[in-house]
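below are the sequence and a predicted model for it; my questions follow.
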Amino acid sequence: MRTMGFSKSGAFLLLVATTASAESYLYEIAKQEPYKTAYKEMLSFPEWVSNAQGTSTPIERVTADGKRYMLGHMCKPHDCADHQLSVVFSADGKQSWGLLATRSADGKTFYKQLLGHPDRAVEALLNTSFADNNPED
């Protein structure tokens, strides 16, 4: 812990900087409490996403770049306008990619997170699904 004091116009300001350790690394502290819990929470998805328990549209069979896929859209129950997930599965079901969209606090824009490293064709399918399910946005 470092403590530094500065005097400015007769007022005394105290700046306290704390670190886990000057020799710590992310891979180390991410395995120790309380950092471990915070790290895990940062990487987790909302329960409706993790458990696939949302309001859903029927699966569509689609083709992109000559490959077949299955495409679905789901949203958070009772909050579809603000929390949505589009998912593309490979035809054999062994790969999946997603687009998680959460509306900003001001209600004007969506924060979009791509999942599973989609290529351009799959990303286009995900964006089309999002647009189709949000015609006014």
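Right, received. Where do you want to start? Residues are numbered from 1 along each chain as shown.

show me where the protein has its helices.
26-29, 35-43, 47-50, 120-132 (DSSP state H).

out of those helices, which gets nearest to residue 68?
Closest to residue 68 of the helices of the chain is helix 120-132 (CB to CB; 11.3 Å). Just so you know, the C-beta spots here come from the backbone N, C-alpha and C atoms, and that holds for glycine as well.

quick one: distance of that closest one to the chain centre.
Centroid separation for helix 120-132 versus its chain: 17 Å, with CA atoms, centre = their mean, to the nearest Å.

how many neighbours does residue 36 have?
Counted by other CB atoms under 10 Å, the residues lying close to residue 36 total 12.

thinking it is in contact with residue 26, fair?
No - taking contacts as CB atoms under 8 Å, residue 36 lies outside contact range of residue 26: 11.8 Å.

who's in contact with the residue nearest the centre of the chain?
Central residue of the chain (CA atoms, centre = their mean): residue 113, 4.9 Å from the mean position. Contacts for residue 113 (CB atoms under 8 Å, 6 or more residues apart in numbering) come out as 99, 100, 101.

rerun at 6 Å
Counting by CB atoms under 6 Å, 6 or more residues apart in numbering, residue 113 touches residue 100.

local confidence estimate at it?
Per-residue pLDDT puts residue 113 at 96.

before I go, just wanted to say thanks for your time.
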